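J.: Return a 3D structure for these sequence lines:
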Amino acid sequence: MAGKPYAEYEKELDAIAYRHRVQRDSLYVKQLAMQMREVANVAKDKRWALEADFLEKRYNYFLLFNCGNFTSSQKDSLSDAHIQDLQLIIQKAKKIKAVDIELRTLFHSWIIFCHYIKDYEMSFRYSLDLDEALLEVTQDAFPAKFYYYTEMGKQYYYFHEYEIAKLYFERGFEHSDEYGNESSWNSLGLIYRIHYHDLEKSDSCFLKIIRTDSIYQGDYEYELWVAIAKGNIGVNYYLRGDYDNAIPLLKYGMEKSIEDNEYNYAYAIGKAHILAEIFLAMHDFAQAKLYIEKMHTFLNIISGDETALESRMHYYDFMSRYFRTLGKDTNAFLYTDSTAMARAEFENAFNFRKLHRAMQYVQQEKLNTEILRNKIYYHYLLLISTFAILLFLLLAFLYHLYRQKQAAYRALVIKTQQWAQVPYTQLKQEYSSDEEEIENPELQNGDINDLPTETDQQLFNRFNLLMTEQKIYQNANLTLPQLAQKMNVNRTYLSQAINRCTGISFSTYINEFRIKEAVRLMSNPKLKNICIEGIALDSGFNDRSTFYRVFKKTTGFSPTTFRNNLAV
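T.: Here you go, the predicted structure:
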C-alpha cells in the first residue's frame, strides 16, 4: 500500500477496520501498526505513522467501550480522551496535507458523538466540518465520499431537517452509481412524502429500489430493501385513500422486514400502525386490534432503543383516537396524556435546537476566525502604513536635500559660466589655487609678489594674445620651453612675467584657459552630444583623468555634474 494513492488501497484499509471490529484481534492490530510505523521510517512518509496511530486509537476505544465494565461516566471520560487523541491526529493530518486521514478521522469523531456518546450537538458540529472538508476532494480520490454524504443525510433526516437531508442525499447520488443507494433512495422518498407532500416523487424514489434489472437480485439485504420500499409505496396508497392496494404492500413490507432482522422493528411498527389506521377507518375493529397488538409487541422488543421514542409517540396517539372511536373516553384521555409525555421525551432527545446551536457555534467560530484575521490584517496594515509614511517622509526629506543640492549645483554652474566669460586678466582674484606650482626653480627664491615691470607687462600681453587669438592652450603638449622658443624669449623671463602679472604659474594659467573653454563647450546646446572625453581633447587636455581632476579643482564639481545641472 505504501507509495500508492489512498483510493488504490481504501478497500484494504476497510477490510482491516472490519477485521479488528469483528474479530477483536489485539495482536494483529499491534503487528499491523508496527509495520505501518516501519514503512513510515523507511519511506520517510509521516502519513503511515498517522495511519498506525489512527488504527490503534480506534481499536482500543471500541474494545474498551464495548467490552469494558465501565459506568456511563467512565465511558464519557473514555470518549473525551479518545476525541482528544483524534483531534491531534486531525491536526497532524492537516499539517502534512493527508486529506484522506483528516476526513476519516473527522467521520470517526462524528460517529463517536452521534452513536456512542449521543452528543448530537457536537455531532452536528463535526458534520459541518466534515461537509467543508469533503468539498476539497473528488470521488475518485476519496471513494467513501458518497457514503459520508449519505450518513450525514440520515442524521439530518432523524432531526426532521428534511431540506438539508435531501441536499446530502442528492450529493451522495452525484458521487456514486445507481446501485447500492437503497437507504438514500428510501430516505429521499420519505422526505418527498413527509415534507414536500409530493407522493409522485416519493413513489419514484421507492421504485428506484424495486428494479428488475438490479445486479443485487437474490441478495438478502437487497430483497429486504425491496420489501421496505414496497411497504412505503403502500403508505402512499393509504394517503391517497386507496386501501385495497395499500394493505397487501403494507403487510408484505411489515412481515418481510422482520424476518431474521431485529433492527427493522421500528419500520414494522410504522407499517402495523398504518394497517391499524386503515382497519379503524373501515370500522374493522378486530383487524385494527390485531395490528395494535403487533405494534405493542414490536415496541416491547425495541423499548430500550432511541428509535422507539417516535414509534411510541405515534402508538399512544393512535390508541387515544382508537379508544375515542370506541367511545372509551377515559382510556382515550390516558393515552392523550401519554402521547404528550412521549412527544416531550422525543423532542428532548431529537431537539432541533441542538442542530441550530451547533450551526450557530460553527458560524460564530468562523466569525471569530474572520475577526481575528481582520485584526491581524489591520495590525499589518497599520504597520505597513506607518512604515510607508516614515519611508515617504524620509524620501521627501532626501528629495528636499537633493533639490537643495541641485539648486546649489545650478547656482555654481551659472557662476562658473559667468566666470568663463570674464577677461583673463581679471581671473586671479576669482579662481586661484591654494597650492600654486612654480615651474621655474629660479623663481622660487625670488620675490614673485613684486609688481610687474613694463617689460613683464609687454611680454605677458604678447603671450596672452597667443592664448586668446591662436588658442595655443588647446595644444595638449604645450610646454613653457616650447612657448618661450615660439615667442623667441628666455623661458625664465616669460615664466616670471606670467607669475608677476597673474599671480599664478604658467601651467595653472594654461589650465584655466582650458577649463573655461570646456565650460563654454559644454554650455553650448549644439554640442550636448559630444562626450566628456571629446570635450577634454577639444579643450587641450590629453586624458580624461587629468581633465576631471583639474576641472573639479578649479570649479568645485566634476564635468559630469556640471553638464547634468545645466539649465534647460
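J.: Could you pull up the residues touching residue 517?
T.: By Cβ atoms under 8 Å, 6 or more residues apart in numbering, the contact set of residue 517 is 471, 473-474, 538-540. For every residue, glycine as well, the C-beta is placed using N, CA and C.
J.: The residues you listed: which two are farthest apart?
T.: Among the contacts of residue 517, the pair separated by the greatest distance (Cβ to Cβ) is 473 and 538, at 11.2 Å.
J.: more neighbours, the two?
T.: Neighbour count, other Cβ atoms under 10 Å: between residue 473 and residue 538, residue 473 has more, with 22 against 15.
J.: OK, contacts around the residue lying closest to that one once chain neighbours are set aside?
T.: Sequence neighbours aside, residue 513 is the residue nearest to residue 473 in space, at 4.0 Å (criterion: Cβ to Cβ, 6 or more residues apart in numbering). With contacts defined as Cβ under 8 Å, 6+ apart, residue 513 is in contact with 424, 467, 471, 473, 540.
J.: farthest-separated two in the residues you listed?
T.: Across the contacts of residue 513, the longest distance by Cβ to Cβ is 14.4 Å; it joins 424 and 540.
J.: Find the helix or strand that residue 124 is a member of.
T.: helix 120-134 (DSSP states H and E).
J.: elements contacting the very next helix or strand once past that helix?
T.: Downstream of helix 120-134, the first helix or strand assigned by DSSP H and E is helix 145-158. Contacts defined by 3 or more Cβ pairs under 8 Å, 6 or more residues apart in numbering; DSSP states H and E place helix 145-158 against helix 99-111, helix 120-134, helix 162-174, helix 182-194.
J.: quick one: the nearest residue to residue 127 once chain neighbours are set aside and residue 532, what's the gap?
T.: Closest residue to residue 127 apart from its sequence neighbours, by Cβ to Cβ, 6+ apart: residue 152 at 5.0 Å. Distance of residue 152 to residue 532, computed by Cβ to Cβ, to the nearest Å: 80 Å.
J.: tilt between the longest helix seen in the chain and helix 145-158?
T.: Criterion DSSP state H: the longest helix present in the chain is helix 352-421. Interaxial angle, helix 352-421 versus helix 145-158 (axes from the mean of the first three to the mean of the last three Cα atoms, to 10 degrees): 120 degrees.
J.: Look up how far residue 317 lies from residue 532.
T.: Computed with Cβ to Cβ, the distance linking residue 532 and residue 317 is 107 Å.
J.: Residue 264 now?
T.: Using Cβ to Cβ, residue 264 is found at 22 Å from residue 317.
J.: and if you look at residue 114?
T.: The spacing between residue 114 and residue 317, counted by Cβ to Cβ, is 27 Å.
J.: Show me which of those two is the more surrounded one.
T.: residue 114 (21 against 18).
J.: From what I see, the more buried one and residue 123 are in contact.
T.: Yes. Using Cβ atoms under 8 Å, residue 114 makes contact with residue 123 at a distance of 4.0 Å.
J.: what residues do the two have in common as contacts?
T.: Taking Cβ under 8 Å, 6+ apart as the contact rule, residue 114 and residue 123 both touch residue 155.
J.: quick one on the thing from earlier: tell me the mean pLDDT for the helix holding residue 124?
T.: Mean per-residue pLDDT for helix 120-134: 87.
J.: elements contacting it?
T.: Counting contacts by 3+ Cβ pairs under 8 Å, 6+ apart, helix 120-134 packs against helix 99-111, helix 145-158, helix 352-421.
J.: how far out from the middle of the chain is the last one?
T.: In this view, helix 352-421 has its centroid 24 Å away from the chain centroid, taken as Cα atoms, centre = their mean, to the nearest Å.
J.: next helix or strand past it?
T.: Downstream of helix 352-421, the next assigned helix or strand under DSSP H and E is helix 454-465.
J.: Give the buried residues for that following helix.
T.: 456, 459-460, 463-464 (16 or more other Cβ atoms under 10 Å).
J.: which helices and strands does the helix or strand hosting residue 59 pack with?
T.: Assigned by DSSP H and E, residue 59 belongs to helix 46-67. Counting contacts by 3+ Cβ pairs under 8 Å, 6+ apart, helix 46-67 packs against helix 6-22, helix 26-43, helix 72-95, helix 99-111.
J.: The closest residue to residue 498 other than its chain neighbours and residue 473, how far apart?
T.: Excluding the flanking residues, the one nearest residue 498 by Cβ to Cβ, 6+ apart is residue 506, at 5.2 Å. From residue 506 across to residue 473, the span is 11 Å (Cβ to Cβ).
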